[in-house]
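Engineer: With the input below, show me the fold.
(one chain, ligands or ions: 1)
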Amino acid sequence: MKEKASKKKSRITKRTNPNLIKDMLHKKISRRDFIKYSVYAGLSIGAFALLKDLMFKKKSEPKMSEQNLKEGMKEAKFYEARGDTVYCQLCPNQCILNNNMTGVCRVRKNINGTLYTLVYGQVCAAHNDPIEKKPLFHFLPGTRAFSIATVGCNMRCLNCQNWSISQASPGDVETQHMTPEEVIQQAQLSKSKIIAYTYTEPTIFYEFMYDTAKKAHEEGLKNIVVSNGYVNEKPLRELSKVIDAANIDLKGFDKDVLMKLTGGNLTDIKRSLKIYKEEGVWLEITNLIVPSYTDDLKKIEEMCEWVKKNLGEGVPIHFSRFHPQYKLTNLPPTPVKTLERAQEIALKKGLKYVYIGNVPGNEFEDTYCPNCKKRIIERKGYLVEEPKIKDGKCQFCGEEIEGVWSF
Ligand code: SF4
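Structural biologist: Next up, the predicted model:
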C-alpha cells in the first residue's frame with residue numbers, strides 16, 4: 001500500500017512541477033502561464049493529498065503486540081452459546097454476536113462460539129487517587145485508592161471525559177499487563193488499602209475486576225467501583241459480595257434524554273442502584289448536570305423523590321458541573337446557579353447529604369450535620385480536615401451520620 005501511494009505521487013509531480021520550473025528558469029514560458037500552471041499544480045497536489053488520505057490512509061499502528069493482546073484474552077462470564085452464536089448477558093446491551101464479532105463495549109469477542117474478554121489484566125490507567133476524587137465523601141474520608149482501568153465502555157456518552165480510553169479498542173492505547181496479585185501488590189506498595197475500578201466502565205472488565213476484588217478482600221483491602229450502573233442483575237449481585245462502596249453516575253432522569261446522551265436505559269440503571277443498596281454496598285450518586293440535556297429542574301426534583309423513596313434519605317448525591325468536552329464542546333459549562341438550585345431542591349425533598357462538585361471552593365463540598373447543621377467535614381479540593389464524627393455520630397449533637405468512617 002505504501003509503495004503504490006509513492007508511485008502515484010511521483011507521476012503527478014513529474015507531469016507538473018519539475019519541467020515547469022525548469023522552463024521558468026530558462027524563461028521559456030510567460031509569467032501569466034507560470035501563474036496558471038502553478039494553480040494547476042497546486043490543485044493537483046491538493047487533490048493528490050486528499051486522494052492519498054481517502055485511498056491510502058494507513059491504519060494507525062496498534063500500540064500493542066499480538067503477544068500483548070493474547071495475554072488479555074480469557075473466557076468471559078455470563079454468556080450463552082447457541083452453535084457459533086453467542087448471547088452476552090453481562091450488561092443490558094445484551095449483544096448477540098456471530099463468530100468473530102465484538103460487542104458494543106469493544107472488548108468482548110465471540111471466537112468460534114466462546115465469548116472472550118480481551119482486556120483481562122490489560123491496565124491502561126493506574127493512579128493512586130484520593131477517595132474524594134471518585135467522589136466518595138462518606139467512605140473512609142482522607143484515604144487513597146489505587147485506581148485502575150482497561151479500555152472500553154458499554155455506553156456512548158457525548159460528554160465523556162475519558163473518551164480516549166473508554167471509546168478505544170484493545171490495541172489502540174498502550175497498556176501494562178497486570179495480574180490481580182500484581183494490582184494488590186501495587187496498591188500495598190503505594191500504601192493504599194483500597195482498590196478502585198474506575199475511569200472507564202468497570203463492568204466491561206468484569207472478570208479482572210471480580211478476581212482482583214476477591215483476592216483484595218482476602219488480603220484485608222477494600223474495593224470500590226465508579227460505574228454507570230449499566231450491568232445486569234446476576235453479575236451485579238455476584239460482584240456486590242466483593243465490593244464495599246460504589247459511586248454510580250445517574251446521568252439523567254428523563255429516559256429519552258438519557259438514551260440520547262449516553263445510549264443507556266434508565267430502568268436498568270435504577271434497578272442497579274436498588275441492588276447495590278439491597279446488597280449492603282455503601283452507595284453515593286453523581287448527577288452531572290449538562291446544560292440543555294439534564295438541567296430540567298422538574299426532572300431533578302423527580303429524581304430526588306425517587307432516590308429518597310427507593311434508596312433512602314441518607315444516600316449522598318453529588319450534583320456535578322459539566323465542562324465542555326468530547327462531542328459537546330459547543331455547550332457552556334453548567335451555571336453555578338443551576339447547581340445551587342438542584343441542591344436546594346434535593347434538600348427540600350429530604351435528602352440529607354447533597355454536594356456540589358467540580359466547583360472549586362464551593363461551600364457545598366463540605367459535609368454538614370443534618371440535625372445541628374454544623375460543618376462536620378471540611379474539604380479543600382481533595383484535602384480533608386479531620387472529620388468531626390465520632391463512632392459514626394456528629395461530635396456536636398450526637399446525630400448519626402450515614403457512611404463508613406473506619407476500616
Ligand atoms: S458487556 Fe459488552 S458484549 Fe456484553 S452485552 Fe454489554 S456491551 Fe455487549
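Engineer: give me every residue that touches residue 396.
Structural biologist: When contacts are counted by CB atoms under 8 Å, 6 or more residues apart in numbering, residue 396 touches 369, 372, 374, 376, 388. Every residue, glycine included, has its C-beta placed from N, CA and C.
Engineer: Skip the chain neighbours and tell me the closest residue to the residue of the chain found nearest the ligand.
Structural biologist: In the chain, the residue that lies nearest the ligand is residue 103 (2.1 Å; CB to the nearest ligand atom). Distances taken as CB to CB, 6 or more residues apart in numbering place residue 95 nearest to residue 103, at 4.0 Å, with adjacent residues excluded.
Engineer: same check, this time on residue 99
Structural biologist: What sits nearest to residue 99 in space, not counting adjacent residues and going by CB to CB, 6+ apart, is residue 84, at 4.6 Å.
Engineer: What of residue 372?
Structural biologist: In this structure, residue 372 finds its nearest non-sequential neighbour in residue 397, 3.9 Å apart by CB to CB, 6+ apart.
Engineer: Residue 161 too?
Structural biologist: residue 325 (5.6 Å).
Engineer: and that neighbour, which of the three is it?
Structural biologist: coil (DSSP: H, G, I helix; E, B strand; the rest coil).
Engineer: ok, now residue 274?
Structural biologist: On the basis of three-state DSSP, residue 274 is classed as helix.
Engineer: Kindly report the same for residue 126.
Structural biologist: strand.
Engineer: Surely it touches residue 146?
Structural biologist: Yes: contact criterion CB atoms under 8 Å: residue 126 and residue 146 qualify, at 7.2 Å.
Engineer: what is in contact with those two at once?
Structural biologist: Joint contacts of residue 126 and residue 146 (CB under 8 Å, 6+ apart) are residue 186.
Engineer: okay, the two: which has more neighbours?
Structural biologist: residue 146 (24 against 17; other CB atoms under 10 Å).
Engineer: Show me what the more buried one bridges to in the sheet.
Structural biologist: residue 128, residue 195 (DSSP bridges).
Engineer: Go ahead and confirm it touches residue 128.
Structural biologist: Yes: with contact defined as CB under 8 Å, residue 146 reaches residue 128; the gap is 5.5 Å.
Engineer: how about the helices in this structure?
Structural biologist: 2-15, 17-25, 31-55, 66-71, 163-166, 180-189, 206-218, 233-240, 255-262, 266-278, 297-310, 336-348 (DSSP state H).
Engineer: Residues touching the fifth one, excluding its own?
Structural biologist: Pointing back at helix 163-166 there. Here helix 163-166 makes contact (CB under 8 Å, 6+ apart) with 124-125, 149, 151-153, 160, 173, 199-201, 325-326.
Engineer: quick revisit: now the common contact residues for residue 146 and residue 128.
Structural biologist: With CB under 8 Å, 6+ apart as the test, residue 146 and residue 128 both reach 190, 192.
Engineer: got the contact list for residue 399?
Structural biologist: Residue 399 sits next to 369-372, 393 when contact means CB under 8 Å, 6+ apart.
Engineer: So how do I select the buried members of the residues you listed in PyMOL?
Structural biologist: This is the PyMOL syntax for the buried subset of the contacts of residue 399, where burial follows 16 or more other CB atoms under 10 Å:
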select buried, resi 369+370+393
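Engineer: mind putting the contacts of residue 399 in CSV, pLDDT included?
Structural biologist: As requested, these are arranged in CSV below (pLDDT from 0 to 100):
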residue, pLDDT
369, 98
370, 98
371, 98
372, 98
393, 98
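Engineer: Just give me the closest of the contacts of residue 399 to residue 294.
Structural biologist: The shortest approach to residue 294 among the contacts of residue 399 belongs to residue 370, at 25.8 Å (CB to CB).
Engineer: circling back: include pLDDT when you put the contacts of helix 163-166 into TSV, please.
Structural biologist: Shown next, in TSV, are the contacts of helix 163-166 (pLDDT from 0 to 100):
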residue	pLDDT
124	97
125	97
149	98
151	98
152	98
153	98
160	97
173	95
199	97
200	98
201	98
325	95
326	98
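Engineer: Kindly supply the PyMOL command isolating those of those residues that are buried.
Structural biologist: Restricted to buried positions by 16+ other CB under 10 Å, the PyMOL selection for those reads:
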select buried, resi 124+125+149+151+152+153+160+173+199+200+201
